[in-house]
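I'd like to go over a predicted model; first the sequence, then the structure.
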Amino acid sequence: MKRILFNLFFIGSISMIVSACHTVKRVDTDTTIDVSGKWNDVDSRLTAEALTEQLLNDQWLKTFMGQNSGKKPVIIVGFVVNKSHEHIEAETFMKDLEKAIVKSKKTRLVQGGEKREAIRAEKADQQNNASVSTMKKWGLEVGADFMIQGSINTIVDAYKRKKVVYYQVNLELTNIETSEVVWIGEKKIKKYVKN
């Protein structure tokens with residue numbers, strides 16, 4: 001019985017010591033913290049901002065607006081494929097990209113993918129369940145002029161406890177009507193990690 005009590009006391013003591021070593025500190029979301037050296041929230045946000053700046057300051061925008069009486073182009077964000085060696089949540093990057101595009105007010109953005117399908121499902125439901133005066137009509141969506149697509153790639157150079165991780169994010173803007181690529185942007189990040 002003494003041995004069982006001693007073992008329980010020992011296990012309990014170890015548990016308290018381990019849990020006492022665990023600390024959590026809340027920090028501002030704009031704070032740069034790079035714990036592992038892997039792609040993180042700051043990389044996502046800074047890359048989206050840099051690529052959006054490239055996108056919206058390129059000649060394609062002036063050309064489009066000049067050919068369309070100053071009308072803002074409508075953009076849809078398609079797929080950004082993670083081809084890197086890491087698990088990178090591409091949707092987070094895409095949301096950062098969409099946010100930067102909307103904040104710029106230089107273009108218009110329409111919903112794509114699953115979210116667009118959810119909107120269409122709601123519209124279909126309204127046809128049966130909403131009053132005629134509030135029901136949203138079919139065929140009035142704003143069609144996109146351009147689609148953004150891209151990829152996230154990495155190259156890793158590692159030796160013993162050191163490594164260099166090179167990230168390259170490429171985006172392309174394609175005219176939906178003509179399939180012409182009108183802009184290509186890239187953002188590169190290089191990290192040196194020593195363990």
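Great, that's in hand.

so where do the helices sit in the chain?
Secondary structure of the chain by DSSP state H: the helices cover 2-20, 41-56, 59-67, 90-104, 113-129.

ranking the ones you listed by burial, who's on top?
helix 41-56 (a mean of 19; mean count of other CB atoms under 10 Å). For every residue, glycine as well, the C-beta is placed using N, CA and C.

what is the neighbour count of residue 161?
Neighbourhood size, residue 161 [other CB atoms under 10 Å]: 8.

skipping adjacent residues, who's closest to it in space?
residue 195 (4.5 Å; CB to CB, 6 or more residues apart in numbering).

what distance do you get for that neighbour to residue 158?
10 Å (CB to CB, to the nearest Å).

over to residue 115?
From residue 115 to residue 158 the distance is 38 Å (CB to CB).

what of residue 114?
37 Å.

same question, residue 45
26 Å.

cool, residue 56 as well?
Taking CB to CB, one finds residue 56 at 37 Å from residue 158.

ok, residue 25 next?
Taking CB to CB, one finds residue 25 at 30 Å from residue 158.

so for these two, which sits in the more crowded spot?
Using other CB under 10 Å, the more surrounded residue of residue 25 and residue 158 is residue 158, with 10 against 4.

mind checking pLDDT for the more buried one?
Looking at residue 158, its pLDDT stands at 87.

setting aside sequence neighbours, what's the nearest residue to it?
residue 164 (7.7 Å).

what's across from that neighbour in the sheet?
Applying DSSP bridges to residue 164 yields these beta-bridge partners: residue 157, residue 192.
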